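Student: got a structure for you, letters missing:
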Ligand code: 8X3
C-alpha cells in the first residue's frame, strides 16, 4: 500500500476515519474528504504525526456537484493519480414509515448516499480507466439486501449502492479496475446518533445487548479487499456481528 493514493469520502468519522488510519498505517497517501474543516484539519494532523504520511484534505459536501467537481479537478498533479476510491460518505435520518416521513430528511439521505457517490465516482473513475489501474470500494449495507421497518428510504439508497456497484463492475469488465461493495450490519459509529437526530440513548439501545462491529473491523475488511492480488476482485462482503443474522434478527443478552 506504500505511496498509493487513497481517496476517502466522509473521512472524518466512523468507518471513513478508521479507513484513514488503517491505510495511513500501511504508508498510503490520503486524500481526505469531509464537510467540517476543523475535523478535517485535526484528522490530517493526527495522521501525519502518527504515521508520517502525506495527507491532502479536500473540503466539500458530496451533495454539491459543483463543489465536488471544483475540488477534484483542482487536485495538484501529484495527487491526481488516485489508486483507490472509498465511497464512504453516507447517512440515515429517522426511522419513519415511508408514508409518514420527512421529505427534507429523505432528500439529504438520497442526495448523499446515491447522487453523492455517483458524482465522486463519475469524477474519479475516468482517470483510473485512463491509467489502467484502480479500485472503487463502495460502502453499501446489509440494508441494501432487504428492507426493514423504519428503514425504507435508507434501504432503498443502499440497494442503489449495490446496483451502482454491480453496474460499474459490468461497465469496467474489460479493464484492470476492481469494484467492491462492502455491506456492514450493525457497526457502532455516529450512524445511529445521526439517525435519531442526536438522541444518544436511543442510538445506544440499537447496540445494547450484543457486541457490535467497530469502524476498525470494517476498515480491516476493506484493507483486505484492497490488498488482494491484482487478479482477485472481491465483489461483495456482507459483514455482521456474531449475534446478528439479518438486518432485523439479532440475539441480545445482558453480557454487553
Ligand atoms: C447500517 C446497517 O442495519 O443499521 O448500514 O441499517 S443497519
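Tutor: Structure's in. What do you need? Quantities reported herein were computed from a predicted structural model and do not represent experimental measurements.

Student: For the ligand, what's its nearest residue on the stretch 101-250 of the chain.
Tutor: Nearest residue of the stretch 101-250 of the chain to the ligand: residue 141, at 3.2 Å (C-beta to the nearest ligand atom). Every C-beta, even on glycine, is put in place using the N, C-alpha and C of the backbone.

Student: Which pLDDT value belongs to that residue?
Tutor: For residue 141, the model assigns a pLDDT of 98.

Student: So it is in contact with residue 181, correct?
Tutor: No - with contacts counted by C-beta atoms under 8 Å, residue 141 stays clear of residue 181, the gap being 9.4 Å.

Student: Direction included, what does the strand or helix carrying residue 30 pair up with?
Tutor: Per DSSP states H and E: residue 30 is located in strand 29-34. Taking DSSP bridges as the criterion, strand 29-34 sits next to strand 5-8 (parallel), strand 55-59 (parallel) in its sheet.

Student: chain center to the last one: distance?
Tutor: Pointing back at strand 55-59 there. 16 Å (C-alpha atoms, centre = their mean, to the nearest Å).

Student: what does this structure put close to the ligand?
Tutor: By C-beta under 6 Å from any ligand atom, the residues of the chain that approach the ligand are 141-143, 151, 184-186, 247.

Student: hey, where'd the helices end up in this structure?
Tutor: 14-25, 37-51, 65-73, 103-110, 117-131, 152-171, 191-195, 200-207, 215-227 (DSSP state H).

Student: May I see these arranged in a markdown table, with mean neighbour count and mean pLDDT as well?
Tutor: Below are the helices of the chain laid out as a markdown table (neighbours: other C-beta atoms under 10 Å; pLDDT from 0 to 100):
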| stretch | mean neighbour count | mean pLDDT |
| --- | --- | --- |
| helix 14-25 | 24 | 98 |
| helix 37-51 | 15 | 98 |
| helix 65-73 | 16 | 98 |
| helix 103-110 | 15 | 98 |
| helix 117-131 | 18 | 98 |
| helix 152-171 | 19 | 98 |
| helix 191-195 | 19 | 92 |
| helix 200-207 | 14 | 92 |
| helix 215-227 | 19 | 98 |
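
Student: Out of those helices, which is closest to residue 81?
Tutor: Set against residue 81 and scored by C-beta to C-beta, the helices of the chain come closest in helix 117-131, at 6.5 Å.

Student: now that closest one against helix 152-171, angle please.
Tutor: 10 degrees (axes from the mean of the first three to the mean of the last three C-alpha atoms, to 10 degrees).

Student: Now do helix 117-131 against helix 65-73, angle only.
Tutor: 30 degrees.

Student: that older thread, tabulate the strands paired with strand 29-34 (CSV), appending mean pLDDT.
Tutor: Formatted as CSV, these follow (pLDDT from 0 to 100):
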stretch, mean pLDDT
strand 5-8, 98
strand 55-59, 98
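
Student: Give me the pLDDT for the residue nearest the centre of the chain.
Tutor: Nearest to the mean C-alpha position of the chain, by C-alpha atoms, centre = their mean, lies residue 88 at 1.6 Å. In the predicted model, residue 88 carries a pLDDT score of 98.

Student: my read: it touches residue 136, true?
Tutor: No - Residue 88 lies out of contact with residue 136 (C-beta under 8 Å); the separation is 11.6 Å.
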